[in-house]
Structure formats: structure tokens, C-alpha cells
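A.B. asks: Structure of the sequence below:
(one chain, ligands or ions: 1)
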Amino acid sequence: MKIALSSDHAGRHLKMVLAERLTELGHEVSIFGAMDATSVDYPDCAMPALVALVSDEVERCVLVCGTGQGMAMTANRVPGVRAAVVADPFSARMALAHNDARCLCLGERVVGSGVAIECLEAWLDASFEGGRHARRVQKMMQGGSEG
Ligand code: RB5
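C.D. replies: As a prediction, the model looks like this:
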């Protein structure tokens, strides 16, 4: 798969660990964002990767910051994007299987690289299950329920 990967300064180490693993797995990785300790703003780092996702240049997007939260909040404001912050492999798999979240967000200050890699692989290996989950995702993207 083509995958965009970005981080701010707080997520740069984990970003490079994930980049190495993705490359080992045969994915084509586009790396954006911070490459050193200079303090930067996570929305600025997220946007190039999110633009790649919404323009279909990539199939998936992985964002890393200190907690994953700022990246996810940023990503979920971009029309069409569904982003999930995860810290365990089960949630990572379900984020794709049930929520069709094509953007995975991780916190370098929250998870170690081993757990982060397990989350990444669980998410990559998952498939969206569709059916009732597609109906729910559609309602979510329309901004609510049918009442
Ligand atoms: C940076 O200090 C930190 O606030 C950022 O990486 C992220 O955790 C925000 O959500």
C-alpha cells in the first residue's frame, strides 16, 4: 500500500520506527513532518499527509504526536477523514474493521515502539466489514443519526 506518515517533534522517533517497519513490510511510505527536536505545531505537520490521503495519493495515513490526540482532532476536521487514536492492537484493528478509519494516530509518549508496531500491523491487516458498520459510518459522516 501507499501510506503517508507524519509527526510533530514529539512523535518523530516513533514515526521513523514505523517507517522502517512499513518499508520492511513492503509498503511505499511518504514521510512528512518534523525530523528534529525543533518545536512545531502538529496541525502543520499533519496536513501534508492528510492532503495525500484525501486526494487518494495514498490509501492510508499514520500520524504521530506526543499523545496522538492533537493529530486525531486535526485529522477529523478534514472532510472525509476518519482518524482513530489507539494504544492497543484490538482498538487499532476495530478502528478499521468497524469504523473504516484510514488514519491511525499514535502517541509516542503513550505507547512504546513494540506496542505501536503491533497496533500498526493490526490496523494494516484489518478490512472494513461493511454492512451495518457502513450504515453507521454513513450516518456519522452525515453528522448524526436518522433520529
Ligand atoms: C507537543 O508538546 C504535544 O502537545 C503534541 O505532540 C501532542 O501530544 C498534542 O496533542
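
A.B. asks: which stretches of the chain form helices?
C.D. replies: In the chain, helices defined by DSSP state H lie at 12-24, 42-54, 69-75, 89-97, 113-125, 132-141, listed in chain order.

A.B. asks: what's the closest non-adjacent residue to Arg60?
C.D. replies: The spatially closest residue to Arg60, leaving aside those adjacent along the chain, is Ile3, at 4.8 Å (CB to CB, 6 or more residues apart in numbering). Quick note: C-beta positions are derived from backbone N, CA and C, even for glycine.

A.B. asks: Report pLDDT for the residue nearest to the spatial centre of the chain.
C.D. replies: When CA atoms, centre = their mean is applied to the chain, the residue found nearest the centroid is Leu104 (2.0 Å). On pLDDT, Leu104 comes in at 99.

A.B. asks: hmm, back to that, so which of the helices of the chain comes closest to the ligand?
C.D. replies: Closest approach to the ligand among these is made by helix 69-75 (2.5 Å; CB to the nearest ligand atom).

A.B. asks: tell me which residues in the closest one are buried?
C.D. replies: In terms of neighbour count (16 or more other CB atoms under 10 Å), helix 69-75 has its buried residues at 70-72, 74-75.

A.B. asks: And for stretch 125-132?
C.D. replies: Counting neighbours by 16+ other CB under 10 Å, one finds that the buried residues in stretch 125-132 are Ala126.

A.B. asks: That stretch spans what distance, first to last residue?
C.D. replies: End-to-end distance of stretch 125-132: 20 Å, with CA to CA, to the nearest Å as the criterion.

A.B. asks: re the thing from before, quick check, the residue nearest to the centre of the chain in contact with Ala122.
C.D. replies: No. Distance between Leu104 and Ala122: 9.7 Å, which falls outside the contact criterion (CB atoms under 8 Å).

A.B. asks: Which residues of the chain lie near the ligand?
C.D. replies: On the criterion CB under 6 Å from any ligand atom, the ligand has as its neighbours in the chain the residues 8, 10, 42, 65-67, 69-70.
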